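*Asks:* can you look at this prediction? I've put the sequence above it.
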Amino acid sequence: MPKISPQEWFKSPLGQYLLSLEYGYINPIVMDTFGFYAIQMGNFDIDFLDHSRIPNKFSLNSNHADLMASNEALPFDEASVDLIIAPHILEQMAEPYELLKEIHRVLMPEGRLIISGFNPMSLWGIKKLLSFDIDYPWNTRFIPLSKIKEWLPIIGLEMAEGKMGCYVPPIQQFSWLKKLHTMEKLGDRWWPMLGGFYFLVIQKRVLGMTPIRPLWKKKLIKTHVYSPQKTKNFKIKL
């Protein structure tokens, strides 16, 4: 049995370092996305929607959850959500393709999906290949970026932009992570496809359709809402 859960791992020095990079990439996209409803998936002690201008924001299946539901059956109407953030969710799913189909169902036309995933073509991928570690993240499926790109047009999604990050080796000593932080700029310039994770902004494209904002059923939201706890802003000093 794994000793370290995803929630615990993301609190480790390496997990915190990774989240700090991803927050830096995700935040500008979030600030530039408009609409009525935004969803954050995943159990993180970080609010990726804290700077969002979207008025109705919900956390799905987290320690601070507003909504609890199965990832395979999202509790939202078809074409009702403007923004979904799903960092490191696909690699934990038995059927990641099916989750993408479900996300496509609930996204508004031109709605945005932000995902991140561990890159198998990296130092992280090499460690996973050579490691017998049964703990997160080495016990998950590292999905190649090429596979994601293959799935998207079949489902009806389109990649708007992408980026690699976390070129440092997967070590847990924060002092070394701080010293090796310069590898992020070097990696972007010299080996841009070998980052430890990829970050993608994906849009739902529906030809010939004009987005029409649906009215969410108040009963649906009321049924699933729990007392939310405000998540502290995440910040790590490098």
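*Replies:* Yes, it's here.

*Asks:* please list all residues in contact with the spatially most central residue of the chain.
*Replies:* For the chain, Pro87 is the residue whose C-alpha lies nearest the centre (Cα atoms, centre = their mean; 1.4 Å). Pro87 makes contact with 22, 26, 41-42, 44, 48, 114-116, according to Cβ atoms under 8 Å, 6 or more residues apart in numbering. Bear in mind the C-beta positions are built from the backbone N, C-alpha and C, glycine included.

*Asks:* quick check, pLDDT for the residue nearest to it when sequence neighbours are not counted.
*Replies:* Counting by Cβ to Cβ, 6 or more residues apart in numbering, Ser116 is the residue found nearest to Pro87 once chain neighbours are left out, at 4.4 Å. If you check Ser116, the pLDDT there is 97.

*Asks:* Tyr167 looks like it's in a strand, true?
*Replies:* No - assigned with DSSP: H, G, I helix; E, B strand; the rest coil, Tyr167 falls outside any strand and is coil.

*Asks:* would you confirm that it contacts Thr182?
*Replies:* No - checked against Cβ atoms under 8 Å, the pair Tyr167 and Thr182 is beyond contact range at 9.6 Å.

*Asks:* mind checking which of the two has more residues around it?
*Replies:* More neighbours surround Tyr167 than the other of Tyr167 and Thr182, with 24 against 11 (other Cβ atoms under 10 Å).

*Asks:* with adjacent residues omitted, what lies nearest to the more buried one?
*Replies:* Distances taken as Cβ to Cβ, 6+ apart place Gly187 nearest to Tyr167, at 3.1 Å, with adjacent residues excluded.

*Asks:* quick one: buried residues of the helix or strand harbouring that neighbour?
*Replies:* Taking DSSP states H and E as the definition, Gly187 sits inside helix 183-190. For helix 183-190, burial by neighbour count (16 or more other Cβ atoms under 10 Å) applies to 183-184, 187.

*Asks:* what do you get for stretch 145-161?
*Replies:* Those would be 145, 148, 151-152, 155-157, 159, for stretch 145-161 by 16+ other Cβ under 10 Å.

*Asks:* tell me what the residue nearest to Lys163 when sequence neighbours are not counted is bridged to.
*Replies:* Nearest residue to Lys163, sequence neighbours excluded (Cβ to Cβ, 6+ apart): Phe199, at 4.8 Å. Note on Phe199: beta-bridge partners by DSSP bridges are Ser116, Lys163.

*Asks:* low-confidence ranges in this protein?
*Replies:* Within the chain, the ranges that satisfy pLDDT under 70 run 1-2, 61-72, 208-238.

*Asks:* quick one: the helices in it, in order.
*Replies:* Under the criterion DSSP state H, helices of the chain are mapped to 6-9, 13-31, 96-106, 123-130, 145-155, 174-179, 183-190, 218-224.

*Asks:* need these in CSV with distance to Phe76, can you?
*Replies:* Below are the helices of the chain laid out as CSV (distance: least, Cβ to Cβ, whole Å):
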stretch, distance to Phe76
helix 6-9, 23
helix 13-31, 19
helix 96-106, 4
helix 123-130, 32
helix 145-155, 17
helix 174-179, 37
helix 183-190, 36
helix 218-224, 8
